[in-house]
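K.L.:
sequence and predicted model, in that order:
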Amino acid sequence: MEQILSQFVRAGVPSCSLLVVPDYHRTGRSLGAPGFADWLHELTAGGHEIVIHGFYHERRRREGESTRQKLVTRFYTADEGEFYDLDQEEASRLLREAKDEFAAHGFHPTGFIAPAWLLSAAAERATIEAGFRYTTTLRAVRDFTAGEEILSQSLVYSVRSAWRRPLSLGWNRMLFHRLAKNPLLRLGLHPPDIDHPRIWRQIHALVGHALRDRAPATYQEWLGRHSASRAPHPELT
């Protein structure tokens, strides 16, 4: 991850939103790992934003699942759609636990993003009640404070199998051009992306092209600017 961030700094992107999983696949609390919280504090001091990303990033398979459930949770997201069909009570419990743990380490994230952007309606209600300002889906940013949904489909790569990688290259090239005039352009990256040269070259090319007429921003920064741009001018109130 450090390599990705340093390359982005050199490319002209000094900060971004970093999605942090509290307990990835139940292997242990990430903020308790030696040096990890200190490293995140250094990053936030440099302008990066911490976002809570699920809790376990894992959805265990269940008996009697429908074909749709299997397609979404197994094929589409490889058993990681943790909040896809959580009820409000369980979602609330996980969100409270995550917020408490982050706060204990000095972090107070305003955003929550579910793994694979799969957030049930009940889990979204829990997210709002937990006090988060925003979440994102594949196709939009939802600003709970403003009660607004900002449409912007995220560019994202799937590199876990050989056949997915060329499809990702073609799809993201097309999507980038389709979103050329969209006020918000989103790019979602995962650490393995950097291990695939063709993928990484395209990411660099798209970022360089986007920076010709766009300013990089974290979600928190962008929502702040967006809210300010919609506020009444002081002389007109």
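P.N.:
Perfect, thanks for sending it. The structure presented is a predicted model; accordingly, all values stated were derived computationally and were not measured.

K.L.:
where does the protein dip in pLDDT?
P.N.:
Low-confidence segments of the chain (pLDDT under 70): 231-237.

K.L.:
how many neighbours does Gly47 have?
P.N.:
13 (other CB atoms under 10 Å). The way it works is simple: take the backbone N, C-alpha and C, and place the C-beta from them, glycine included.

K.L.:
show me the contacts for it.
P.N.:
For Gly47, the contact set (CB atoms under 8 Å, 6 or more residues apart in numbering) comprises Pro14, Ser15, Thr218.

K.L.:
among the residues you listed, name the buried ones.
P.N.:
Buried residues within these, counting neighbours by 16 or more other CB atoms under 10 Å: Ser15, Thr218.

K.L.:
tell me the one of the contacts of Gly47 nearest Arg61?
P.N.:
Nearest to Arg61 among the contacts of Gly47: Thr218, at 34.6 Å, using CB to CB.

K.L.:
name the nearest residue to that closest one, ignoring sequence neighbours.
P.N.:
In this structure, Thr218 finds its nearest non-sequential neighbour in Glu49, 3.8 Å apart by CB to CB, 6 or more residues apart in numbering.

K.L.:
what's the neighbour count on the one you found?
P.N.:
Glu49, neighbours per other CB under 10 Å, totals 19.

K.L.:
so it makes contact with Tyr219?
P.N.:
Yes - if you go by CB atoms under 8 Å, Glu49 and Tyr219 touch, sitting 6.5 Å apart.

K.L.:
now for those two: what residues contact both?
P.N.:
Common neighbours of Glu49 and Tyr219 (CB under 8 Å, 6+ apart) are Ser17, Gly111.

K.L.:
ranges for the helices of this protein?
P.N.:
Along the chain, counting by DSSP state H, helices occupy 2-11, 36-45, 67-70, 88-104, 121-129, 164-178, 197-210, 219-230.

K.L.:
just name the most buried of those.
P.N.:
Neighbour counts (mean count of other CB atoms under 10 Å) averaged over each of the helices of the chain peak at helix 121-129, with a mean of 18.

K.L.:
that one vs helix 88-104, what angle?
P.N.:
Helix 121-129 and helix 88-104 are oriented at 40 degrees to each other (axes from the mean of the first three to the mean of the last three CA atoms, to 10 degrees).
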